[in-house]
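Student: Give the three-dimensional model of this entry:
(chains A and B)
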Amino acid sequence: MSYKKLLTVFAPLLFFALLLPQTVFAQESANCLACHSAMKGKLKTSGGTLIELNVDTEKFRSSVHGSLSCTDCHMRFSDNPHSSPSASVPPQVLSISSRISSKHGVDPVAAAACNRCHEEIYNKVLGSVHGKNITDKNQTDGALCLDCHGSPHYITSAKDPTSKISRENQVETCGRCHGDKKIIEKYNLQENVMNSFQESFHGRKLHLGHMRAPVCASCHNSHDIKSKNDPSSPVFGKNKLQTCGKCHEGANEKFISAITHRPPGPIPHYAEKALILLTMGVFAFVVLHVLLEAFSDIRDAIFRKEREE
Amino acid sequence: MSQTNTAAQQEIPKEIERFDIIFRIQHIVMFTTFLLLSFTGWGLKYAHEPQGISSIWIRIWGGAETAGLIHRIAGIGMLLDFISHVIYLIYLFATKKMTINLKTTVIPLPKDIFDVIKNFMYFFGLSKEKARFGKYSYAQKFDYWAVFWGMFIIGFSGYALAFPMQVSYIIPEFTTGWIWELLGIMHSDEALLAIVFILFWHFYNEHLKPEVFPMSWIWITGKISTENLKHHHPIEYDLLFPQEAQKDKKE
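Tutor: Down below sits the predicted model:
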């Protein structure tokens, strides 16, 4: 079948595919948004958590999930008014929701519902150092979908510069935890990772808009992130050969030691001190000499004219 | 005095060559690449501060990729310029076109330190005489050797940073823990030193000083007037025109 014929068959189908979710959206979500787009402020649940009631319809519609209906994720909320949401939930989502309930006290089902479409990625996250912190250690500060991707109603493509995980914002997003002293202490994380990245050639180039400069996930991976001490981490030992090799073709063992988050050792540290001393010394001599010479020239021009014949 | 001058004018040329065409070209390549390297490197060194200005500055240079390319090309150009200078010097010495005379050499000598002290005393009014220089004053020697220092420190570290993969094969194993960091620090800190040095020392001595403003033209003409030579490089003048020096002394 030729390309054109294919098109004539599929184009209308594609067209309807575009229309379909819109109509569903119109029927179901409009009911929810009728109230929630107008509601302002936050509500305190019986558990003591503050929840945002407002959903910006425009922003929601233009997000990547704008065509979903509310109950695709908020599965329990099928009735209205939703005083005691109790609609049935698929067992898989239910099982995840129980594992992540320490993090999402209000509606763990909605947070687990991402799994319905993003199953592979969700499983990676649950197996990552971020996910295990929630499922195994029952911590509330392990990162899950929304910590990196932002509000579930307004998620945009990673390529969108306003996305929290875009090249422009990703480092800042990771830094909300990895630059937080309390969290660094609590989990005994590598200190100073934000500064060391910013000071590195990678960080500087990224800041200046270099299109191929790496962000956090370029080296550490994103969803299946591992501790740097985990042998399966892309930055563990010789795994760096492959990780650095993604950009630096032929990276060898002497090369991969170039980029770390470790503070500089004694040799670079004292070398820098010595070079700063040298610079200050030269600067002091040069400026002093130039100024004194200029003053003596002025002095000669005014007071010692006769000496110049 | 006017009589002796007219008699001498037949013997003494109005100006003499100070730098030949090769040296002048090497100087032009040196400062062109220096400016390109400074402009593009500055944006990277201060990428984060002041807020956003470096990003705009780098955009003027065509964005981070282009600025990086300019920096690398200029860096290689400067290194080649330096190598050509060394080769030319070897050639001049080998053919005896240049010989080392302690009165005119650019090699730093103890006399230069005494000259510095003498000049400082003059600046403070403790001495009535300024230092007398040969072909190169200590300021000029400082200028010249600063380039060598820069070439070894900034040039080599810059080459290593531009071609890390190639260089990684030749660096010894025990250095890998700190060498990259050290190279980065050397390159960036010494580049700042070079810029500061040029901005204050070279710019004042060869551009801003009232007697040379807006600049000393020797970099284009390669020639220095004998009057200027007599005033600024009296030892060289005496060496070139001993008879004239004798006459001056008699007066």
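
Student: What lies in contact with stretch B:215-223?
Tutor: The contact list for stretch B:215-223, computed with CB atoms under 8 Å, 6 or more residues apart in numbering or on different chains, reads B:15-21, B:23-24, B:27-28, B:206-207, B:224. (C-beta placed from N, C-alpha, C; glycine too.)

Student: Contact partners for residue B:118?
Tutor: B:127, B:129, B:130, B:131.

Student: Apply 7 Å and report the result again.
Tutor: For residue B:118, the contacting residues are B:127, B:131, by CB atoms under 7 Å, 6 or more residues apart in numbering or on different chains.

Student: Kindly report the residues of the stretch 1-150 of chain A close to chain B.
Tutor: Within the stretch 1-150 of chain A, no position is adjacent to chain B by CB under 7 Å from any CB of the partner chain.

Student: Might you name the residue of the stretch 1-150 of chain A sitting closest to chain B?
Tutor: Residue nearest to chain B within the stretch 1-150 of chain A (CB to the nearest CB): residue A:148, separated by 23.2 Å.

Student: I figured that residue was touching residue A:166, is that so?
Tutor: No - using CB atoms under 7 Å, residue A:148 makes no contact with residue A:166, being 11.2 Å away.

Student: more crowded one of the two?
Tutor: residue A:148 (21 against 16; other CB atoms under 10 Å in any protein chain shown).

Student: The more buried one looks like it's in a helix, true?
Tutor: Yes - under DSSP: H, G, I helix; E, B strand; the rest coil, residue A:148 sits within a helix.

Student: From residue A:172, how far off is it?
Tutor: Distance from residue A:148 to residue A:172, counting by CB to CB, to the nearest Å: 11 Å.

Student: I'd say residue A:45 and residue A:106 touch.
Tutor: Yes - between residue A:45 and residue A:106 there is a contact at 5.7 Å, judged by CB under 7 Å.

Student: Identify the contacts common to those two.
Tutor: Between them, residue A:45 and residue A:106 share the contacting residues residue A:51, judged by CB under 7 Å, 6+ apart.

Student: Pick out whichever of these two has more residues nearby.
Tutor: Applying other CB under 10 Å to residue A:45 and residue A:106 shows that residue A:106 carries more neighbours, namely 15 against 12.

Student: Got the phi and psi for that one?
Tutor: The phi/psi pair for residue A:106 (degrees, to the nearest 10) reads phi -80, psi -60.

Student: Find me the pLDDT at it, would you?
Tutor: For residue A:106, the model assigns a pLDDT of 80.

Student: Tell me who's in contact with it.
Tutor: Neighbouring residues of residue A:106 by CB under 7 Å, 6+ apart: A:45, A:49, A:51.

Student: Make TSV out of these and add pLDDT, distance to residue A:242 and secondary structure.
Tutor: Formatted as TSV, those follow (pLDDT from 0 to 100; distance: CB to CB, whole Å; DSSP: H, G, I helix; E, B strand; the rest coil):
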residue	pLDDT	distance to residue A:242	secondary structure
A:45	78	46	coil
A:49	78	42	coil
A:51	83	43	strand
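
Student: what does chain B have sitting close to chain A?
Tutor: Residues of chain B lying close to chain A (CB under 7 Å from any CB) are B:43-44, B:47-48, B:54-55, B:58, B:63-65, B:120, B:122-123, B:164-165, B:168, B:171, B:173, B:176-178, B:180-182, B:185-186, B:189-190, B:192-193, B:196-197, B:200-201, B:204, B:210.

Student: among the residues you listed, which ones are buried?
Tutor: B:43-44, B:47, B:54-55, B:58, B:63-65, B:120, B:122-123, B:164, B:168, B:171, B:176, B:178, B:180-182, B:185-186, B:189-190, B:192-193, B:196-197, B:200-201, B:204 (16 or more other CB atoms under 10 Å in any protein chain shown).

Student: How about the helix ranked longest in chain A and chain B, touching?
Tutor: Secondary structure assigned by DSSP state H gives helix A:266-303 as the longest helix of chain A. Yes - using CB under 7 Å from any CB, helix A:266-303 reaches chain B at A:267-268, A:271-272, A:275-276, A:278-279, A:282-283, A:286-287, A:290, A:292-293, A:296-297.

Student: Buried subset of those as a ChimeraX selection?
Tutor: Burial among the residues of helix A:266-303 next to chain B is assessed by 16+ other CB under 10 Å; the matching ChimeraX selection reads:
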select /A:268,271,272,275,279,282,283,286,290,293,296
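
Student: Residues touching stretch A:109-117, excluding its own?
Tutor: So stretch A:109-117 is contacted by A:72-76, A:89, A:92-93, A:96-97, A:100, A:104, A:122, A:144-145 (CB under 7 Å, 6+ apart).

Student: Quick check: which ranges of the chain have low pLDDT?
Tutor: I went with chain A, as the question did not name one. Along chain A, the model assigns pLDDT under 70 to residues A:1-28, A:79-81, A:305-309.

Student: My question was about chain B, not that one.
Tutor: For chain B, the stretches flagged by pLDDT under 70 are B:1-10, B:251.
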